[in-house]
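[1] Show me how the following folds:
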Amino acid sequence: MSECCFDDLSTELLIYIFSFLDIRTLSRLRLACKRFRNIINSWDNVLIKSTTVVTNQNSEKFLARCFSKIPTKLEKLRLQHNWRYGIYEEKSLFYARKKYMPWLRLHNDCLWFSRGSKIFNYRRERENIICTKPNYVLTPQYRQSCVNVGFSSVDVTKFTVKDNILAGGLSDGGVYVQNLIDKSDFYIDKEENTYTCSVDMSPDGLIVASGMRNDCFKIFSLHRDPLELTLLHTQDLGQRAWCVSYCEDRPLFACGTSAGGDGRKSIWLFDTERYTEIMSLKLGHFISATLDIKWDGPNGLWSCGNDSHLRRWDLRTGNCEQKFHDAFGAGLYCLDFDYCNSVMVGTHLHGRTALWDIRTKRCVQLYFMRTCKGATYNSPVYCLSFDSEYLFAAVDQNLNIMDFTGYDNGQARDYVKMLCWVD
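    Here you go, the predicted structure:
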């Protein structure tokens with residue numbers, strides 16, 4: 001009678017046996033032979049029950065900014081290990097002696113980055129993360145027909161990109177839109193001298209909203225041929241409008257404010273047809289500005305501000321259902337979300353970002369930006385974005401990129417273990 005080898009067992013039996021193994025053993029067993037590798041790679045969702053941080057690619061919105069799709073669950077767990085323990089390579093690009101308030105938008109094939117009066121478009125490459133030579137540079141300048149406005153450039157504050165249209169806010173109160181197919185076709189609307197804090201576009205790309213420093217937000221109709229803006233509505237809030245955002249799943253519009261005045265309303269919610277207020281979210285007895293907001297489906301909203309808290313709001317109850325406090329009590333300038341269980345915030349001191357797992361009360365890891373010379377950098381993180389493999393953070397003099405794809409056992413920067421947590 002011939003002896004039966006372990007490799008002769010059926011695939012069903014092997015899957016049953018492999019289900020008793022831990023992740024480390026599965027990783028080593030995958031290297032034994034081609035058949036074991038194919039079984040583990042094909043049935044990884046059955047063999048591995050745990051969910052990951054950052055590397056979950058369940059949302060099409062998150063995949064739209066991921067450089068590549070992670071092929072297996074084991075690879076996701078390897079990348080998660082690098083995120084959890086701070087194992088990465090950092091690059092600091094585009095150093096400038098002058099300090100700016102930059103902004104960025106991340107796509108799977110390119111990176112949009114604004115600094116001063118220019119908006120740059122860079123191609124993403126795996127070897128160098130991004131190509132250091134931009135595809136093109138946009139510089140908003142007023143047309144000669146604009147009354148009492150010369151050709152001098154003004155700073156871009158924030159911007160967004162949708163359907164080959166770029167909309168940005170300007171530091172003199174202007175709202176700038178440009179057709180990315182025809183780079184020479186642009187339009188700037190400016191009626192008063194103020195400061196445009198934020199802009200966003202509706203899901204259909206036909207409406208542009210801007211939040212102003214003069215206590216109001218404005219709604220514009222966008223016409224593409226010829227490209228121009230028509231003012232539809234101005235809403236006076238009685239407090240500075242720091243950020244605006246459209247919901248892609250419901251006809252809702254959110255505006256984060258300085259929460260001043262008698263009402264102390266931190267976030268205002270409006271319908272997108274008549275822009276009448278339907279709900280307001282308050283921080284209780286706190287008077288704190290909401291500096292950034294992100295939608296989480298049709299009924300969820302993430303917000304952060306200078307009260308050191310990251311909050312998740314449930315619009316069905318109008319209450320804050322989850323709240324995360326920064327370990328050092330720093331103000332939070334920006335946030336980004338993977339539409340699953342990972343949220344990252346940028347703080348106003350030491351170029352620091354924090355990664356949170358919404359299933360726990362503890363911060364997963366802290367990341368500190370550094371300069372081109374390697375010194376610790378004391379700057380706010382004005383904007384950040386991440387995918388499953390990279391973190392992009394814009395500080396006042398650099399663009400910092402952290403690469404978590406390495407296979408070597410590099411130096412771990414595990415700062416969370418030094419914190420004393422109280423649940």
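
[2] what stretches of the chain score poorly on pLDDT?
    Across the chain, the ranges flagged by pLDDT under 70 are 1-4, 23, 43-50, 143-153, 260-263, 284-286, 371-377, 408-410, 420-423.

[3] how about the helices in it?
    11-18, 23-29, 34-42, 44-47, 60-63, 73-85 (DSSP state H).

[4] So which of those is the most surrounded?
    With neighbours defined as mean count of other CB atoms under 10 Å, the helices of the chain peak in mean count at helix 73-85, which reaches a mean of 20. Quick note: C-beta positions are derived from backbone N, CA and C, even for glycine.

[5] Packing partners of that one?
    helix 23-29, helix 44-47, strand 363-368 (3 or more CB pairs under 8 Å, 6 or more residues apart in numbering; DSSP states H and E).

[6] Let's have these in CSV, adding distance to residue 184.
    Below are the helices and strands packed on helix 73-85 laid out as CSV (distance: least, CB to CB, whole Å):
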stretch, distance to residue 184
helix 23-29, 53
helix 44-47, 49
strand 363-368, 40
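
[7] Now tabulate the helices of the chain in CSV and tack on distance to residue 181.
    Putting the helices of the chain into CSV (distance: least, CB to CB, whole Å) gives the following:
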stretch, distance to residue 181
helix 11-18, 50
helix 23-29, 46
helix 34-42, 41
helix 44-47, 40
helix 60-63, 23
helix 73-85, 35
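
[8] closest one to residue 379 among the ones you listed?
    Residue 379 sits nearest to helix 73-85 of all these, at 22.4 Å, using CB to CB.

[9] distance between that closest one and the chain's centre?
    Offset of helix 73-85 from its chain centre (CA atoms, centre = their mean, to the nearest Å): 20 Å.

[10] what angle sits between that helix and strand 363-368?
    60 degrees (axes from the mean of the first three to the mean of the last three CA atoms, to 10 degrees).

[11] need the contact list for residue 41.
    30, 71-72, 74 (CB atoms under 8 Å, 6 or more residues apart in numbering).

[12] Between all of these, which two are separated the most?
    The span of these, defined through CB to CB, is set by 30 and 71 at 12.4 Å.

[13] Among those two, which residue is more densely surrounded?
    Between residue 30 and residue 71, residue 30 has the larger neighbour count (other CB atoms under 10 Å), namely 19 against 10.

[14] residue ranges of the strands in the stretch 201-350 of the chain, please?
    207-212, 216-224, 227-236, 241-246, 252-257, 265-271, 277-282, 290-296, 300-305, 309-314, 319-325, 332-337, 342-347 (DSSP state E, counting those that start in this stretch).

[15] Just send those strands back as JSON lines, with mean neighbour count and distance to residue 190 too.
    Formatted as JSON lines, those follow (neighbours: other CB atoms under 10 Å; distance: least, CB to CB, whole Å):
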{"stretch": "strand 207-212", "mean neighbour count": "26", "distance to residue 190": "11"}
{"stretch": "strand 216-224", "mean neighbour count": "19", "distance to residue 190": "11"}
{"stretch": "strand 227-236", "mean neighbour count": "14", "distance to residue 190": "10"}
{"stretch": "strand 241-246", "mean neighbour count": "24", "distance to residue 190": "17"}
{"stretch": "strand 252-257", "mean neighbour count": "25", "distance to residue 190": "21"}
{"stretch": "strand 265-271", "mean neighbour count": "22", "distance to residue 190": "24"}
{"stretch": "strand 277-282", "mean neighbour count": "16", "distance to residue 190": "27"}
{"stretch": "strand 290-296", "mean neighbour count": "23", "distance to residue 190": "24"}
{"stretch": "strand 300-305", "mean neighbour count": "24", "distance to residue 190": "28"}
{"stretch": "strand 309-314", "mean neighbour count": "20", "distance to residue 190": "33"}
{"stretch": "strand 319-325", "mean neighbour count": "14", "distance to residue 190": "37"}
{"stretch": "strand 332-337", "mean neighbour count": "24", "distance to residue 190": "26"}
{"stretch": "strand 342-347", "mean neighbour count": "25", "distance to residue 190": "29"}
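
[16] Let's have those strands in TSV, adding distance to residue 387.
    Below are those laid out as TSV (distance: least, CB to CB, whole Å):
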stretch	distance to residue 387
strand 207-212	26
strand 216-224	29
strand 227-236	31
strand 241-246	20
strand 252-257	24
strand 265-271	27
strand 277-282	29
strand 290-296	15
strand 300-305	18
strand 309-314	20
strand 319-325	22
strand 332-337	10
strand 342-347	11
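
[17] and residue 106, which of the ones you listed is closest to it?
    Of the strands of the stretch 201-350 of the chain, nearest to residue 106 by CB to CB is strand 332-337, at 8.6 Å.

[18] Tell me the helices and strands packed up against that closest one.
    Counting by 3+ CB pairs under 8 Å, 6+ apart, strand 332-337 packs on strand 290-296, strand 300-305, strand 309-314, strand 342-347, strand 383-386.

[19] which one of the ones you listed lies closest to residue 161?
    That would be strand 383-386 among those, by CB to CB, at 12.3 Å.

[20] quick one on the thing from earlier: of the helices of the chain, which is nearest residue 351?
    That would be helix 73-85 among the helices of the chain, by CB to CB, at 17.9 Å.

[21] got a list of contacts for that closest one?
    23, 26-27, 30, 40-41, 44-45, 47-48, 50, 52-56, 70, 87-88, 355, 364-365, 388-389, 404-407, 412-414.

[22] Filter those down to the buried ones, PyMOL style.
    Buried residues among those (16 or more other CB atoms under 10 Å), as a PyMOL selection:
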select buried, resi 26+30+40+44+47+48+52+53+54+55+56+70+87+88+355+364+365+388+389+404+405+413
